[in-house]
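Asker: coordinates for the following, if possible.
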Amino acid sequence: MKIRFALLALLVAGPALAADPPEERYTYGMPLDIERVISIEEPDDTCGVVAARLTYADSQGEIRVLDYRKWSTACGITESNS
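Answerer: Below you'll find the model as predicted:
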């Protein structure tokens with residue numbers, strides 16, 4: 001019975017695990033194909049340069065993840081008040 005449950009769990013979770021978008025690290029000058037931004041994540045308690053993650057859909061509809069470095073919004077400096 002436990003084996004059946006484990007196999008069923010694997011069959012159900014397998015496609016979901018395989019569906020995780022590949023992660024890329026941004027390098028300067030890298031061509032980007034961003035059709036729609038899904039989310040931008042960064043630590044909200046650190047002022048300075050932080051690791052951020054952009055999840056987006058490209059022009060083919062593929063979901064992609066891009067890791068990059070940026071100045072934190074926790075510092076209180078934004079484009080609108082600089």
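Asker: what is the burial count for the nearest residue to Val37 once chain neighbours are set aside?
Answerer: Closest residue in space to Val37, ignoring its immediate chain neighbours: Tyr56 at 5.1 Å, by C-beta to C-beta, 6 or more residues apart in numbering. C-beta: built from backbone N, CA, C; applies to glycine. Tyr56 has 19 neighbours, counted by other C-beta atoms under 10 Å.
Asker: what's the answer for the one 3 residues further on, then?
Answerer: As a burial measure, the neighbour count of Ser59 was computed by other C-beta under 10 Å and equals 9.
Asker: and it, how far is that from Cys47?
Answerer: 35 Å (C-beta to C-beta, to the nearest Å).
Asker: ok, now Ser39?
Answerer: 21 Å.
Asker: please say which of those two ends up with more neighbours.
Answerer: A count of neighbours by other C-beta under 10 Å puts Cys47 above the other of Ser39 and Cys47, at 13 against 9.
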